[in-house]
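Chemist: What shape does this take:
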Amino acid sequence: MARNKETLLLLLDVGPSMHSVLPEVEKVCSLLAEKKLIYSKYDEVGVILFGTEDTKNELTKEVGGYQNVVVLRDTKVVDGDLVEALQQLPRGTRDGDFLDAIIVGMDILIKKFGETDKKKKRICLITNALCPIKDSFEGTKEDQVITIAEQLAKHGMGMESIVVRGRLAGDANKRIMEENDVLLNIFSQKTCAKLVYVESPTSLFGALRTRNISPVTIFRGDLELSSKMKIKVWVYKKTSEEKFPTLKKYSDKAPPTDKFATHEVKVDYEYRSVEDTSKVVPPEGRIKGYRYGPQVVPIAPSEWDAVKFKPEKSVKLLGFTDAKNILRHYYMKDVNVFIADPGNTRAILAVSALARAMKEKNKVAIVRCVWRNGQGSVVVGVLTPNVSDKDNTPDSFYFNVLPFAEDVREFQFPSFNNFPASWQPNEQQQEAADNLVKMLDLAPSGKEEALQPNFTPNPVLERFYRYLELKSKHPDAAVPPLDETLKKMTEPDPEVLSQNKSVIDAFRRNFELKENPKLKKSTRRFLQEKPSGLKEGEGCGDIAAQPVDSIKDTSVVKVENIGNLTPVQDFENMMSCRDGPEWIGKAIKDMKKRIFDLVEDSFEGDNYPKALECLVALRKGCILEQEPKHFNDFLHHLCKFCQKNNLNCFCEFLASKELTLISKTEAIDSEVTDDEARNFLVKSEPKTV
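Modeler: From the prediction side, this is the model:
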């Protein structure tokens, strides 16, 4: 049997006020059963409905009362029948009393396990809590809830309450709703019960934890603040990525009549000698090696063991720093949580004192961690205080791994402020863009945050589980369309778009929107994929070079030189080629040569407009690639060349077109000020006598 076996009772409100959300309840509960079939096939699940027309439970027969509560399925090992039952829940006709349902569920678990059995037992209540609760025969409703909570704790039962609220609560009786909220809060205060409010189907999907994962410590030992001050702590994983289930190899070679066939596939590997392929090399004749250039360097296990770094298990404090010094994007890997050694009062007080002091001073701690003896990888991370606001939950620390120098990737991107003024948005465009961004806020004031991380499941995984369940019944079934609830997580909300149509229209009016064409294939790839029967020259229309407005990675052919016919397009194609860094330098060098040729070969200034176009393209490319020095030095050299060769008319032509050097405002690496850039051609023009 599984070590983490769990018994779960689902208490589902099917009364009239829940009818609109029952389709979503069916989806999330059947998904829970589907996941248990994959990960926890020994778990037991039972289903109790309340708010039904009928009554079917043992307490009604034994003591009376508990009307409109039906035990749809007793607790038993999860199977395909449970999935089908949860996909077709009946619709009730009466108001549901969730306290009656909880008592019936407790009775089932107590009778099955007794008081001594400490197996994992959990009750999950899904309701909108809008219907009145019957008065108790003895004491108040609060007294009754406290008694139930004590029994839950006594028998080791966990409980979680998911209250589905939204537009339904608008017409509800506020007094009844508030009274029920108070009763449900008592459960969370008196026991370890969890209370969650959800307002949308997508939140409901993530509110019910469908997988039961028992926490396992990755470290138990001392948090060493100094050689004389140590605190006993336990470290757990707080978050972990949920991945697809591991696929199993399946063999269909077993006879169909063999009922006991496991269809298991076993894989064996044989290593054979290169000189004699018929000779099998035994394990003792093999050794691991590392590639070093063209050769392989063999390293024996004893040698590798000798050079291994073998640190001792420990968690040591390196120091404290201001929280503002550790930015969010420094965090790596999953989050761990440091808690004091359970039951150790002195450790709990020490962790709490340290956490609260760090919180007050806005500090974080840098620690060096080795989780186990001989662990090859040592991590350095940050401890962030997590001060609890509940009396029964002690303070703790969150731990995040920080990068070493080798882990940091310094990606340098030019600032938008470095672009020319003509490229900058005007006030109307900036306002339209700001309004569009504000419209897309997932947490608008007065409303529940959309797609909350804690309540938003992975739509890819959810769809996979649905399809796996469908394939189990119908092997030839096609992939069904995306579920409407999952579609809300992956597509823009139509309601938000309709409400903000004016904002979107304003953005469209202020910006010229163009369709982004598909990238054409490069010449090399085109020639590789060209059918062998295609004649030379056929089908080449798709790879003709197209002019572009700015330097983008949309080149259609790989240009290796700048030609006379379309030098600007050739330059842009070369600049957008990312096969290697040498292409940028080659493009700039070739464009300089082409500009010199155009100016030198010009007759009465006929080539000046084309040379100006090339200069503008070169200037734009140098700004985008943060190479202002190349353009500025070239423009200086070009003007001196014109002065020596009696081509001052070209400098006058450039001045009339207001072509300037690249200033610091346009490129941060430039050494030219704005005034120097504006006055360059004016100063450099020689006065004619």
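Chemist: Would you mind writing the CA trace of stretch 97-109 as PDB?
Modeler: Presented in PDB, the C-alpha positions along stretch 97-109 are these (Å, rounded to 0.1, in the frame of the first residue of the first chain):
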ATOM      1  CA  ASP A  97     -27.100  22.800   5.400                       C
ATOM      2  CA  PHE A  98     -23.400  22.400   5.300                       C
ATOM      3  CA  LEU A  99     -23.200  21.600   9.100                       C
ATOM      4  CA  ASP A 100     -25.400  18.500   8.600                       C
ATOM      5  CA  ALA A 101     -23.200  17.400   5.800                       C
ATOM      6  CA  ILE A 102     -20.000  17.800   7.900                       C
ATOM      7  CA  ILE A 103     -21.500  15.800  10.700                       C
ATOM      8  CA  VAL A 104     -22.500  13.000   8.400                       C
ATOM      9  CA  GLY A 105     -19.000  13.000   6.900                       C
ATOM     10  CA  MET A 106     -17.400  12.800  10.300                       C
ATOM     11  CA  ASP A 107     -19.700  10.000  11.300                       C
ATOM     12  CA  ILE A 108     -18.600   7.900   8.200                       C
ATOM     13  CA  LEU A 109     -14.900   8.400   8.900                       C
END
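Chemist: Other residues contacting it?
Modeler: 7, 9, 11, 13, 46, 48, 50, 57-59, 65-69, 71, 74-75, 121, 123, 125, 127, 129, 131, 133-134, 141, 144-145, 148, 151-152, 155, 157, 159, 180, 183 (CB atoms under 8 Å, 6 or more residues apart in numbering). In short, each C-beta sits where N, CA and C put it, glycine included.
Chemist: 7 Å instead, please
Modeler: With CB atoms under 7 Å, 6 or more residues apart in numbering as the contact definition, stretch 97-109 has outside contacts at 7, 9, 11, 13, 46, 48, 50, 57-59, 66, 69, 75, 121, 123, 125, 127, 129, 131, 133-134, 144, 148, 151-152, 155, 157.
Chemist: Over to stretch 14-24?
Modeler: 49, 51-52, 89-96, 128, 130-131, 164, 168, 201, 204, 485.
Chemist: related to what we said a few turns ago, now, the contacts of stretch 97-109 that are in helices?
Modeler: Counting by DSSP state H, those place 58, 59, 144, 148, 151, 152 in helices.
Chemist: from these, which two are the most distant?
Modeler: The largest separation in the ones in helices among the contacts of stretch 97-109, counting by CB to CB, is between 58 and 144 at 19.8 Å.
Chemist: neighbour count winner among those two?
Modeler: residue 144 (20 against 13; other CB atoms under 10 Å).
Chemist: May I ask you to confirm that that one is in contact with residue 134?
Modeler: No: when contacts are counted by CB atoms under 7 Å, residue 144 is not listed as touching residue 134 (9.7 Å).
Chemist: Break the chain into its domains for me.
Modeler: Per the record, the chain has its domains at 2-207, 215-412, 415-448+496-511, 559-688, by automatic domain parsing.
Chemist: what about the third one, start to end distance?
Modeler: Start and end residues of domain 415-448+496-511 are separated by 21 Å (CA to CA, to the nearest Å).
Chemist: how about low-confidence regions in the stretch 501-650 of the chain?
Modeler: 517-559, 577-581 (pLDDT under 70).
Chemist: try 80 this time
Modeler: Within the stretch 501-650 of the chain, the segments meeting pLDDT under 80 span 513-561, 563-565, 573-584, 602-605, 625-626, 645-646, 648.
Chemist: which residues in it form helices?
Modeler: In the stretch 501-650 of the chain, helices defined by DSSP state H, counting those that start in this stretch lie at 501-510, 523-529, 567-576, 582-600, 608-624, 628-644, 648-656, listed in chain order.
Chemist: Relative to residue 337, tell me which of the ones you listed wins on proximity.
Modeler: The closest of the helices of the stretch 501-650 of the chain to residue 337 is helix 501-510. By CB to CB, the value is 41.6 Å.
Chemist: For the closest one, list the C-alpha coordinates in CSV.
Modeler: Backbone C-alpha positions of helix 501-510 (Å, rounded to 0.1, in the frame of the first residue of the first chain) are rendered in CSV as follows:
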residue,chain,number,x,y,z
LYS,A,501,-13.4,49.1,-26.7
SER,A,502,-12.8,52.9,-26.7
VAL,A,503,-9.3,52.5,-25.3
ILE,A,504,-8.4,49.9,-27.9
ASP,A,505,-9.8,52.1,-30.7
ALA,A,506,-7.9,55.1,-29.4
PHE,A,507,-4.6,53.0,-29.5
ARG,A,508,-5.4,52.0,-33.1
ARG,A,509,-6.0,55.6,-34.2
ASN,A,510,-2.7,56.8,-32.8
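Chemist: on contacts alone, who are the packing partners of it?
Modeler: Counting contacts by 3 or more CB pairs under 7 Å, 6 or more residues apart in numbering; DSSP states H and E, helix 501-510 packs against helix 427-439.
Chemist: Give me the buried positions along the next helix or strand along the chain from the helix it packs on.
Modeler: Using DSSP states H and E, the helix or strand that follows helix 427-439 in sequence is helix 459-473. Using 16 or more other CB atoms under 10 Å as the test for burial, helix 459-473 gives 459, 462, 463, 465, 466, 469.
Chemist: who touches the third one in this structure?
Modeler: This points to residue 463. Shown in contact with residue 463 (CB under 7 Å, 6+ apart): 482, 486.
Chemist: and if you look at the fourth one?
Modeler: By CB under 7 Å, 6+ apart, the contact list for residue 465 reads 31, 34, 35.
Chemist: Of those, which belong to helices?
Modeler: Cross-referencing the contacts of residue 465 against helices under DSSP H gives 31, 34, 35.
Chemist: TSV for those residues, including neighbour count and distance to residue 561?
Modeler: Listed next are these as TSV, based on neighbours: other CB atoms under 10 Å; distance: CB to CB, whole Å:
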residue	neighbour count	distance to residue 561
31	22	60
34	24	61
35	23	60
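Chemist: can I get these in CSV with pLDDT and distance to residue 643?
Modeler: Written out in CSV, the entries for the ones in helices among the contacts of residue 465 read as follows (pLDDT from 0 to 100; distance: CB to CB, whole Å):
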residue, pLDDT, distance to residue 643
31, 88, 79
34, 89, 81
35, 88, 79
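Chemist: Kindly indicate which of these lies nearest residue 234.
Modeler: Nearest to residue 234, judged by CB to CB, of those is residue 35 at 27.8 Å.
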